[in-house]
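Undergrad: A structural model of the following input is requested.
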Amino acid sequence: MHLLQKTLEAIKPIDRAVMAAAQREIDYCLKPPGSLGKLEDIARQIAGITGKVHNSIGKKAIVVMMADNGVYSEGVAMYPQDITRIGADFVTSGRMGVNFLANYAKADIIAVDIGIQVDVDLPKVLNRKIRYGTANFLKEPAMTREEAIRAVEVGIEVTNAAIDQGYDLIGTGEIGIGNTTASSAVLYAFTGAPIDRVVGRGAGLTDEAFARKKAVVQEAVRLHRPDPDDALDVLSKVGSLDIAGMAGTYLACAARRVPVLTDGLISNVAALVAMRLKPETVEYMIPSHISFEPGAKLLKEITGLEPMIDMDMRLGEGTGCALVFSIVEAALRMIEEMGTFAVIGKTRDEIGDHIMAYRGKFPR
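TA: Just a heads-up that it's a prediction; the model follows:
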C-alpha cells in the first residue's frame, strides 16, 4: 500500500502554462488555426505532461498484463483457458496480433505474468504473479483487497522500471481469457448502467453464452455489492489482475509525467479504475481507438476520452496503442519541423493576437 499511496500523492495536474506556450508555437506554424485538429491537441497535451514545449519520443513500449479469471468456469468465454498461457508464449515470440503492429511502430513489448493459472517458464515474461488466476466472482470475491493493491503496485513497479530504462511513451495491453466479463463487471459496478450498454460478446460468444455472461455480471454485482466510490473494493470483488496491473501503469505514468495510451474495452476499464483512484490521471492518457464492444461507448462518455480511430477492432493486447503511436509521434513533429509565419515577416505576438481575435469569433 505504501507504493500505491506514494504514487497517488505524486500525481499532479498537467502544466497549463506550458500547454499555453506550446499552443503559441502551434499557432505560429504556417497553417490556419486549429487546422491540424487532434494532432494539435496531442502536442499541447504532451507539452503539459512533460513540462516542455519541444518533445520527441525516444523509446516506446506496450506493457501487456496477462492473467486468468475464475469466472471462466461459468461458460462466459468461447476459447479454452489455456489460451492465456499460449498467449504468453506467442506475444514473447512475436506471433500475437499486437506483435506485427508493434514491430511496425518500432515499439517493444513488456509481457507480465500477473496471474496466469499455471507457472510460465519463459525468459521474456516477467513473473509478477499475484495468484494463479482470480476466484470465480460469481461464488466469492475475485481476490482480496490486499491482492488488488499488490496487483496495482505490480503495474506501478513494472512501469517505473520501463521509464527508468528510457521508455517515454507507454501503451497498455492485456491477454486473459474471461477478462471481458471481469471488465464488464467492473464497469457495471461503477455505473449501474443498462446491462446491454455494458456487456458485449467479447471473443465471439454464442447467443446462449452471451445471455449467460450478462446474467453472471448482474448476479455477481448484486451478490458482492461493491462500493462504486471505492475502486479497490470494486477491483477486489469483481475485477481481474490484469485490469489492476494496467491501472498501476496509468498511475505510474501520471506520477512520472509520461504520456500513456489506452487501448480497447479492458484497457479503458483499467483507465477508469485509475481515474477513480486519482482523477488527475486522465490528463496523462491518450485514447487510441474505440472498441467494437458496447461498453467502450459508455466509457467514452464517462471518462471524456475521445478515441482517435474507429476500426471495429476488439482484440485487445494493446493493438490500438501500436497503431496510434505513429500519430502521437507525428503530432510532436509539427512544432519541430513545420515552417512558420516568420516567412512573411510576422512575429509570434502578431499571429497570436490575430488568432485570439479569430477564436473569439469562431470558437472551436
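
Undergrad: what's the weakest-modelled helix or strand in the protein?
TA: Using mean pLDDT, DSSP states H and E, helix 348-361 stands out as the lowest-scoring helix or strand of the chain, at a mean of 73.

Undergrad: let me know the secondary structure of residue 149.
TA: When classified by DSSP: H, G, I helix; E, B strand; the rest coil, residue 149 comes out as helix.

Undergrad: burial of the spatially closest residue to it that is not a sequence neighbour, as a residue count?
TA: Leaving out its chain neighbours, the residue that sits closest to residue 149 by C-beta to C-beta, 6 or more residues apart in numbering is residue 1, at 5.4 Å. (Glycine included, C-beta is placed from N, CA and C.) Counted by other C-beta atoms under 10 Å, the residues lying close to residue 1 total 12.

Undergrad: what's the pLDDT at residue 1?
TA: At residue 1 the predicted local distance difference test score is 79.

Undergrad: how close does it sit to residue 8?
TA: Going from residue 1 to residue 8 by C-beta to C-beta, to the nearest Å gives 10 Å.

Undergrad: ok, residue 275 next?
TA: With the distance defined as C-beta to C-beta, residue 275 ends up 12 Å from residue 8.

Undergrad: which one's more surrounded, the two?
TA: The residue with more neighbours, out of residue 275 and residue 8 and counting by other C-beta under 10 Å, is residue 275; that gives 23 against 17.

Undergrad: ok, the more buried one touching residue 269?
TA: No: in this structure residue 275 lies outside contact range of residue 269 using C-beta atoms under 8 Å: 10.6 Å.

Undergrad: pop the domain breakdown of this protein in here.
TA: According to automatic domain parsing, the chain comprises the domains 2-56+331-361, 60-328.

Undergrad: going by residue numbers, what spans are strands in the stretch 101-250 of the chain?
TA: All strands of the stretch 101-250 of the chain, identified by DSSP state E, counting those that start in this stretch, fall at 108-115, 125-127, 169-175.

Undergrad: could you check the angle strand 108-115 makes with the last one?
TA: Going by axes from the mean of the first three to the mean of the last three C-alpha atoms, to 10 degrees, strand 169-175 is angled at 40 degrees with respect to strand 108-115.

Undergrad: and strand 169-175, how far from the chain's centre?
TA: Relative to the chain's own centre, strand 169-175 is displaced by 7 Å; criterion: C-alpha atoms, centre = their mean, to the nearest Å.

Undergrad: what residues of that strand count as buried?
TA: Taking 16 or more other C-beta atoms under 10 Å as the neighbour-count basis, strand 169-175 is seen to contain the buried residues 169, 170, 171, 172, 173, 174, 175.

Undergrad: residues contacting residue 14?
TA: Contact analysis of residue 14 by C-beta atoms under 8 Å, 6 or more residues apart in numbering lists 45, 48, 49, 257, 280, 283, 284.

Undergrad: can you pick the most crowded of those?
TA: The member of the contacts of residue 14 surrounded by the most neighbours (other C-beta under 10 Å) is residue 284, with 26 neighbours in all.

Undergrad: now that residue: closest residue in space, sequence neighbours ignored.
TA: Counting by C-beta to C-beta, 6+ apart, residue 284 lies nearest to residue 254, which is 4.2 Å off, once chain neighbours are set aside.

Undergrad: so how many other residues sit close to that neighbour?
TA: A total of 28 residues lie near residue 254 under the criterion other C-beta under 10 Å.

Undergrad: and the nearest residue to residue 123 once chain neighbours are set aside, how many neighbours?
TA: If you skip the residues right next to it in sequence, residue 123 has residue 92 as its closest partner in space, 8.0 Å away by C-beta to C-beta, 6+ apart. Applying other C-beta under 10 Å, we find 20 residues neighbouring residue 92.

Undergrad: ok, which stretches of the stretch 251-364 of the chain are strands?
TA: Shown for the stretch 251-364 of the chain, the strands assigned by DSSP E, counting those that start in this stretch span residues 260-262, 285-287.

Undergrad: how about low-confidence regions in the stretch 251-364 of the chain?
TA: In the prediction, the stretch 251-364 of the chain carries residues with pLDDT under 70 at positions 357-364.

Undergrad: about what we covered before: OK, contacts around the residue nearest to residue 123?
TA: Under the contact definition (C-beta under 8 Å, 6+ apart), the residues listed for residue 92 are 109, 111, 122, 123, 124, 125.

Undergrad: any idea how far residue 49 is from it?
TA: As defined by C-beta to C-beta, residue 92 lies at a distance of 30 Å from residue 49.

Undergrad: picking that back up, what's the closest of the contacts of residue 92 to residue 144?
TA: Nearest to residue 144 among those: residue 125, at 24.3 Å, using C-beta to C-beta.

Undergrad: mind checking pLDDT for that closest one?
TA: Residue 125 carries a pLDDT value of 97.

Undergrad: what ranges do the helices span in the stretch 151-300 of the chain?
TA: Along the stretch 151-300 of the chain, counting by DSSP state H, counting those that start in this stretch, helices occupy 179-191, 195-198, 207-224, 231-238, 241-256, 265-277, 294-303.
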